[in-house]
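A.B. asks: The following comprises the amino acid sequence and a computationally predicted model.
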Amino acid sequence: MYLDNTDKELPESCKSNIQTLMKEQFGLELQVDKVGNEAIDQVRHNAFLLARQILIQGKAVSYAEQFQGCMH
């Protein structure tokens, strides 16, 4: 997995930033200093779903604002 400490796909600084954001925004500890196990992977999966939902909602708001701009 990308957040495992053994995976080199993402730089360590990127993993650390992701971990910090997830901790601050959702209170989730991603444990990027470890290799995932079932419990860690579940937390990481939940973080992904939460972040995805936030992005989707943000995009929906953006589209709504664009549409309203066209109406005026």
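C.D. replies: Alright, I've got the coordinates.

A.B. asks: Check which helix or strand Ala39 maps to.
C.D. replies: helix 38-71 (DSSP states H and E).

A.B. asks: my guess is Ala51 meets Met22, correct?
C.D. replies: Yes: taking contacts as CB atoms under 8 Å, Ala51 lies within contact range of Met22: 7.5 Å. Placement of C-beta: from N, CA and C, glycine included.

A.B. asks: between the two, who's got more neighbours?
C.D. replies: Counted by other CB atoms under 10 Å, Ala51 and Met22 do not tie: Met22 has more neighbours, with 22 against 16.

A.B. asks: Please give the element, helix or strand, for that one.
C.D. replies: For Met22, the host element (DSSP H and E) is helix 12-26.

A.B. asks: what does that helix contact?
C.D. replies: When contacts are defined by CB atoms under 8 Å, 6 or more residues apart in numbering, helix 12-26 is touched by residues 2-3, 5, 10, 28-32, 47, 50-51, 54.

A.B. asks: In the chain, where is pLDDT below threshold?
C.D. replies: Across the chain, residues meeting the criterion (pLDDT under 70) sit at 60-72.

A.B. asks: residues of stretch 30-39 that come out buried?
C.D. replies: The neighbour-count check on stretch 30-39 (16 or more other CB atoms under 10 Å) flags 30-32, 36 as buried.

A.B. asks: All set, thanks.
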